[in-house]
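**Q** I would like to see how this sequence folds:
(2 chains)
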Amino acid sequence: MRELTYTEAAREALGAEMERDPNIFVLGEGIGKRGGNFNTTTGFFERFGPRRLRDTPICERGFVGLCAGAAMTGTRPVVDFMFIDFILDSFGELANQIAKIQYMTSGRLKMPVVLRGCIGAGSGHATHHSGSYYSIFAHLPGFRVVVPTTPYDAKGLMTTSLRSDDPVLFLEHKSLLNTRGDVPEDDYTIPFGQARVCREGDDVTVVALGPMVSKTLAVCDELAAAGISVELIDPRSLAPLDSEAIFLSVSQTGRLLIIDEAFGPCGIGAEISAQIMERGFDQLDAPVRRLNGPHGPTPFSPPLESAAVPQPEQIAQAIRNLAAE
Amino acid sequence: MAFDNEVLLSLYRTMVVIRRCEEQLARSYQAGAITGACHTYIGQEAVATGVCAHLRVDDAVFSTHRGHGHALAKGVPSRELIAELFGRTTGCSDGRGGSMHLFAPDVGMMGTTGIVGPNILQATGAGYSFQLLETDRVSVAFFGDGGVGNGAFHEGLNLAAIWQLPTLFVCENNMYATEVPFSYAARNTDVASRAAGYGMPGIAVDGNDVLAVAEAAQAAISRARAGDGPTLIECRTYRTRGHAEGMQDGGYRTEEEVNDWKARDPIKAFAARLLERDAIEPQALEQIDREVAGQIEEAVEFATNSPWPDPDTVTDHIFSEGG
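**A** So this is what the prediction gives:
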């Protein structure tokens, strides 16, 4: 099968959907002629024109608030935040308006807004360009939150996001953008709330997010050689969360570790842990464990930045510890 | 601009509907039939009436926490407004919204909001849709002087100007944001003058003169429909009741000031003009007054007798499908 990078796969989905639906438009800083800081819209300005590829002034609150009104009146905005950290300037428009309007109108209005941006540390951009924030949005009723990790998932989930009538956060980890993988040429969708089992195993269930998936996968053989069989799950979508898939796996292994670069307190790992304990306390042979980055801003200098993200040796150690409990 | 008598009487009727409805809501609030916030529009009726007079049903209005008048002027029936504030399932938002979340998209009432500012941006977004869809529809944001100090005013007007969106920004300058005087909150209290900073036309009108408002709105709507971009209209007006029902109304403004503005009542002034200049018979106005009184009476009865929402629906419609 044909290989694409993660970015190419997401871009192919966006281009195909823009061809299919003339009401989709993209707003962002540098997404017009420049084609996006992360090449998210390369070539689109020539293809779709200036009204559908609209460079904005630097006013996230303004253009996100604008998207609410646009979605209420029949068009389908895509906001390209470049770095997702910038979304915080528009938080009120998201939490108080975009997330609530379908409910407050009893479904008479739809809210098809895709909010995309790059998350995560590891690229030396320091603390205003390295956050993840997905747990904040998964906490709020009204949002779909997806964190694809492969080119295949990036295309399928982008297509699903663009066809959804709900607001969707589509979060792309910077370290994944240039990774390559098999991507079908035809269009396809991946339902929200459907996890992927990346590796089957018997001893420990690991739920990993974003680049933690490949980092965990990289230590699984070594652990297997040491007699620890890991079942690795990529939730792909945090809201809705496929707790069923996680529960089924934990029912087999009796052990659960959640690995997430983002903050631990009130994070997605805490939620997964609570759901699994509420549902299957008796299935657990050990406490649910979490491995997160530290609860602090992301620093710049490479050794500091590296210390702000779970690394393979820590992942392997956390799995060994849990297997021994 | 010349309006025929039928249109003049319809403007009069709309203002009277708003006034009588608000008086009723204030009484119902005092009687305990309404909980939470209830911000009345009494004194400002000419603004909503004058602007909405030129709007089509498919034009979009985005309103504020003080939005009952906008909803009524845009075509929400008084019974659906009153039922909404009574929390009933027959209300325009099925009882989910109350005073600050009035939605009736079928008549272009795209919501009131409990947060100052976002509706300015949403109207800009509707303008974006209407331009992208190549229609001649227009959008309107109503906001108070309090909204002018909010970042949404700056960002919304700038975006609408650079993209020449078909949007009206209607500032109802009633001189107080809750109880903070605009003369304190802004060094430049000439809101219309700020339009120049965004490269769009700005006009200030007497917001208690329904025909002055209607004339300014007509020009702005025509420009917007023709693709000539947004306009800022400042309507200088006054709310003669407190910020919200149940709140004290003292300390931040004088009784004399309130009485001065009551003497400039937009409905009385318009009625006098109709009788004197347009040779309308007093009986015509009296008939409207009677009809409106009956309509409000019927609306209260309708609301009172309407069912409460089913508690089982509390989580319906959070998502478009599934959940």
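
**Q** partners of the helix or strand hosting A:Leu232 in the sheet?
**A** Following DSSP states H and E, one finds A:Leu232 within strand A:230-234. Here strand A:230-234 is paired, per DSSP bridges, with strand A:196-199 (antiparallel), strand A:204-208 (parallel).

**Q** Now tabulate those in JSON lines and tack on mean pLDDT and mean neighbour count.
**A** Backbone N, C-alpha and C define where each C-beta goes, glycine included. Shown next, in JSON lines, are these (pLDDT from 0 to 100; neighbours: other Cβ atoms under 10 Å in any protein chain shown):
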{"stretch": "strand A:196-199", "mean pLDDT": "98", "mean neighbour count": "17"}
{"stretch": "strand A:204-208", "mean pLDDT": "98", "mean neighbour count": "29"}
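
**Q** Out of these, which gets nearest to A:Met1?
**A** Closest approach to A:Met1 among these is made by strand A:196-199 (17.1 Å; Cβ to Cβ).

**Q** So what touches the closest one?
**A** A:Asp153, A:Val213, A:Leu217, A:Cys220, A:Val230, A:Glu231, A:Leu232, A:Ile233, A:Asp234, A:Arg236, A:Ala245, A:Ser249 (Cβ atoms under 8 Å, 6 or more residues apart in numbering or on different chains).

**Q** For the first one, which residues are in contact?
**A** By Cβ under 8 Å, 6+ apart, the contact set of A:Asp153 is A:Ile190, A:Arg196, A:Asp234, A:Arg236.

**Q** which one of the contacts of strand A:196-199 sits closest to B:Ser28?
**A** Closest to B:Ser28, out of all of the contacts of strand A:196-199 and judged by Cβ to Cβ, is A:Arg236, at 50.5 Å.

**Q** isn't the closest one right next to A:Arg144, touching?
**A** No. Between A:Arg236 and A:Arg144 there is no contact under Cβ atoms under 8 Å: 11.4 Å.

**Q** what residues does the stretch 201-325 of chain A put near chain B?
**A** A:Pro240 (Cβ under 8 Å from any Cβ of the partner chain).

**Q** Name the nearest residue to the residue of the stretch 201-325 of chain A found nearest chain B, ignoring sequence neighbours.
**A** At 7.5 Å from chain B, A:Pro240 is the closest residue in the stretch 201-325 of chain A, using Cβ to the nearest Cβ. Distances taken as Cβ to Cβ, 6 or more residues apart in numbering or on different chains place A:Gly193 nearest to A:Pro240, at 3.5 Å, with adjacent residues excluded.

**Q** Ramachandran angles for the one you found?
**A** phi 80, psi 30 (degrees, to the nearest 10).

**Q** Mind jotting down where the strands sit in the stretch 151-300 of chain B?
**A** Ranges of strands within the stretch 151-300 of chain B are B:167-173, B:176-177, B:180-181, B:202-206, B:231-236, based on DSSP state E, counting those that start in this stretch.

**Q** what about the ones you listed, which gets the closest to chain A?
**A** The nearest among those, by Cβ to the nearest Cβ, is strand B:167-173 at 9.3 Å.

**Q** and the closest one, which residues are buried?
**A** Neighbour-count burial for strand B:167-173, counted by 16 or more other Cβ atoms under 10 Å in any protein chain shown, picks out B:Thr167, B:Leu168, B:Phe169, B:Val170, B:Cys171, B:Glu172, B:Asn173.

**Q** for the nearest residue to the first one once chain neighbours are set aside, helix, strand, or coil?
**A** If I follow you right, that is B:Thr167. In this structure, B:Thr167 finds its nearest non-sequential neighbour in B:Gly127, 3.7 Å apart by Cβ to Cβ, 6+ apart. Using DSSP: H, G, I helix; E, B strand; the rest coil, the structure places B:Gly127 in helix.

**Q** I'd like to know how many residues surround B:Gly127.
**A** 32 (other Cβ atoms under 10 Å in any protein chain shown).

**Q** where does it land on pLDDT?
**A** Per-residue pLDDT puts B:Gly127 at 98.

**Q** circling back to that earlier point, widest-spaced pair of the contacts of A:Asp153?
**A** A:Ile190 and A:Asp234 (11.4 Å).

**Q** Need the contact partners of the strand or helix carrying B:Val47.
**A** Per DSSP H and E: B:Val47 is located in helix B:45-52. The contact list for helix B:45-52 (Cβ under 8 Å, 6+ apart) reads B:11, B:14-15, B:18-19, B:41, B:61, B:69-70, B:72-75, B:140, B:142, B:168, B:170, B:172, B:207-217, B:233, B:235, B:237, B:266-267, B:270.

**Q** I'd like to know which of those residues are buried.
**A** B:11, B:14-15, B:18-19, B:41, B:61, B:69-70, B:72-75, B:140, B:142, B:168, B:170, B:172, B:207-217, B:233, B:235, B:237, B:266-267, B:270.

**Q** now A:Arg320, nearest residue through space, not along the chain?
**A** Nearest non-adjacent residue to A:Arg320 (Cβ to Cβ, 6+ apart): A:Ile228, at 6.6 Å.

**Q** and that neighbour, what does it touch?
**A** A:Asp203, A:Val204, A:Ile319, A:Arg320, A:Ala323.

**Q** Go through these and give me the one with the most neighbours.
**A** In the contacts of A:Ile228, the most neighbours by other Cβ under 10 Å go to A:Val204, 27 neighbours.

**Q** nearest spatial neighbour of it, skipping sequence neighbours?
**A** Nearest non-adjacent residue to A:Val204 (Cβ to Cβ, 6+ apart): A:Arg255, at 4.5 Å.

**Q** Does that neighbour touch A:Ala323 like I think?
**A** Yes. Contact criterion Cβ under 8 Å: A:Arg255 and A:Ala323 qualify, at 6.8 Å.
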